[in-house]
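> Fold the following.
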Amino acid sequence: MTLESQLKAGIRAFDVRCRLVNNECAVYHQFVSQEINLDEVLQICESFLKMYPSEVVLLRVKDKENSPINSTQSFEDVFVGRYWNKYRTLLWQPKDIDLSLSPPIPIGDVRGKVVILQYFKSSRLYSLPFKHTETTQSHWTQFSRATLYLKWTIIREHLLKTNDSSSIYFDPGPFGLELSFYTNWISGGLTVEPFFVASGHIDWGTDGRRHTCYKEYSFMTEEDSKKVFPEFPRSPLKKNSLGLHYRNVYCEGTNIMTYEKLKAERFRFVGIIFADFPGCGLIQAIIDSVNH
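Okay, the predicted model is just below:
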């Protein structure tokens, strides 16, 4: 989906990873250009917020997504000179944050604004700092399809931890007592395809083939069966050439597992969830959890 489509679908938080190219912040994912820069991202957000001024958009801005190309300025200088000064009326400007309030930043202060979650080194804070702390789950590396269930258990445990928490976590930092956000990356990759992690399919597309991660035979006890990928889906009972009955255990994508978990249980708080290829069901399940 385009950025405009994602905003209209209900997504309000974006992971914007930047690489300096010709002294501009180009948006990249590892070595792959997303064919958009930070200026265009902010223009799209500005147009959306003019139409929907009660909304808020969060942008986690990260630098050093690979080495700069033909750039002589620091990331901070480019960020301030090209974007921070230009979009001062759009970007939320941090004021004195009253830590005695709950929440310490009233929602009315950020409506109609883009809030930068700052994940780059700088001489000062331009917005809210983003830090990888105990409130962050970012287990991204998937070395094989067999590790998908481990990825899901990490996501699930962080969902439960987030639900049991307060929405804001205070953490000491170089600029004083800082706020940390509960954040859950349900995407993954490395040596497996990101679409496989999201969907559990080994072919691209909604109806792609599933990956069989285990065969569950009928002579196994129910207790033994529950030990192996208990939350992954099973096929109908089949019979092999030896006459043994079995079920295929299929990998299930993290997007689908997260959607089903949110629908099955009444979550009061899920924090920020970053996902690849989010569908309308997952987006709505996250929105519904906020409405609880």
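> wouldn't Ala198 be in contact with Tyr259 here?
No: between Ala198 and Tyr259 there is no contact under C-beta atoms under 8 Å: 10.8 Å. Placement of C-beta: from N, CA and C, glycine included.
> Leu83: what secondary structure?
Check again: residue 83 is Tyr, not Leu. Taking DSSP: H, G, I helix; E, B strand; the rest coil as the rule, one finds Tyr83 in the helix state.
> The residue nearest to it when sequence neighbours are not counted: how many residues sit nearby?
The shortest distance from Tyr83 to any non-neighbouring residue, by C-beta to C-beta, 6 or more residues apart in numbering, is to Leu38 (5.6 Å). By other C-beta atoms under 10 Å, the residues close to Leu38 number 20.
> Would you mind confirming that Leu38 is in contact with Val27?
Yes: contact status for Leu38 versus Val27: in contact at 6.6 Å, counting by C-beta under 8 Å.
> Name the residues contacting each of the two.
Val16, Cys18 (C-beta atoms under 8 Å, 6 or more residues apart in numbering).
> Would you quantify the distance from the residue nearest to Tyr83 to Phe75?
11 Å (C-beta to C-beta, to the nearest Å).
> Also Arg247?
52 Å.
> again, but for Leu148
Distance, Leu148 to Phe75, using C-beta to C-beta: 34 Å.
> And for Val32?
Shown here: Val32 relative to Phe75, a distance of 19 Å by C-beta to C-beta.
> Please identify which of these two sits among more neighbours.
Between Val32 and Phe75, counting by other C-beta under 10 Å, Phe75 is the more crowded of the two (20 against 10).
> Please give me every residue in contact with Ser33.
With C-beta under 8 Å, 6+ apart, Ser33 has these contacts: Ala26, Val27.
> cool, Gln137 as well?
Gln137 neighbours (C-beta under 8 Å, 6+ apart): Ile154, Ile155, His158, Thr183, Asn184, Trp185.
> A helix includes the second one, no?
If I follow you right, that is Ile155. Yes: under three-state DSSP, Ile155 sits within a helix.
> Kindly tell me how buried it is, as a neighbour count.
Per other C-beta under 10 Å, the neighbour tally for Ile155 reads 22.
> isn't it right up against Gly188?
No: using C-beta under 8 Å, Ile155 is not in contact with Gly188; the gap is 9.4 Å.
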